[in-house]
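Enquirer: sequence first, then the predicted structure, then my questions.
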Amino acid sequence: MKIILITGAGSGIGYETAVFLSALGHKVYGGVRNQRSAEKLTQSGIIPIELDITDERQCTQAVKLILENDQRIDVLVNNAGYGLFGAVEDIEISEAKHQFDVNLFGAARLTQLALPSMREHKSGKIINISSVGGRTVSYMGAWYHASKYAVEAFSDALRMEVSDFGIDVVLIEPGGTKTNWWETATENMKRRSKGGAYEKATEQATAGMIKLYRNRLMSKPAVIAKVIIKAVDAKKPRARYITGFGGKRLLFLHFILPAKCYDWLVKHAV
């Protein structure tokens, strides 16, 4: 039995992962931000823990609680995140900073808090949920992709730092996944661009996103969750796991095509 903390466990990939891992006999703590999500986890045998990863106090208390109860954290799954989309000119820097606070700095702080116990036990896994979008970009996704590129670099550097202590760092890179984040993302894109220079382009981009995320070929969260479980169970996990709809194909195109050709393809795909 492993002691596991998963952030963003109230829905989507985080919830599916928590349910699967709990069913396998692991003790799973699921980070959530509201009572409804907490009750949902409890019904599935998962221990809910109040955790807004941008809140230093909640991060510290969450890790302290787990260590008091179980004396260790075997696996930290940094799953919490969201996508900020829109033209760079339309997005306030304060919003961009919040994107990094959630997608990068929150995960980094929890990693710092979990590492001392992992080093003490000379074992542990940090699993960071990145994206295929951490190695390539989509139209009007500058801030989201910048944060995921940062997660990739952070994880690569961290992996070298902690390897001597028996700790693994793993990146999960999902492709297209059918979750609800895009609904909020597209609404906010339209709101920001209204009456501005990018309004028409934003309408095109949001229509493309809606069409894409309603596609029945998009991967379900459970597909990504099963890959995370594979990484949890592996004695020698890979540094990266690419999974989900279109992920490997998109990375291949990004690798072989000249930059301007790839830009045209991505811009007109929406």
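Expert: Arrived safely, thanks for sending.
Enquirer: so Leu51 makes contact with Val63?
Expert: No: assessed by Cβ atoms under 8 Å, Leu51 is found out of contact with Val63, at 9.6 Å. Yep, even glycine has a C-beta here, placed from its N, CA and C like the rest.
Enquirer: which residues touch the helix or strand containing Lys190?
Expert: Taking DSSP states H and E as the criterion, Lys190 maps to helix 181-193. Helix 181-193 is contacted from outside by 12, 82-87, 90-91, 140, 199, 201-203, 205-206, 209-210, 213, using Cβ atoms under 8 Å, 6 or more residues apart in numbering.
Enquirer: please pick the buried ones from those.
Expert: Buried subset of these (neighbour count, 16 or more other Cβ atoms under 10 Å): 12, 83-87, 90-91, 140, 201-202, 205-206, 209, 213.
Enquirer: list the ones among these that fall in helices.
Expert: Those of the buried ones among the contacts of helix 181-193 mapping onto helices are 12, 201-202, 205-206, 209, 213, per DSSP state H.
Enquirer: closest to Leu265 out of the residues you listed?
Expert: Of all those, Leu265 sits closest to Ala205, with 14.5 Å by Cβ to Cβ.
Enquirer: isn't that closest one up against Ala142?
Expert: No: counting by Cβ under 8 Å, Ala205 sits too far from Ala142 to count as a contact (12.0 Å).
Enquirer: of all the ones in helices among the buried ones among the contacts of helix 181-193, the one with the weakest confidence?
Expert: Lowest pLDDT among those: Tyr213, with 71.
Enquirer: ok, it to Gly83 distance?
Expert: Using Cβ to Cβ, to the nearest Å, one obtains 11 Å as the distance from Tyr213 to Gly83.
Enquirer: any stretches of this protein with poor pLDDT?
Expert: 270 (pLDDT under 70).
Enquirer: please enumerate the helices of it.
Expert: Using DSSP H, helices in the chain cover 12-23, 35-43, 56-70, 93-100, 106-121, 142-162, 181-193, 199-213, 221-233, 247-256, 259-269.
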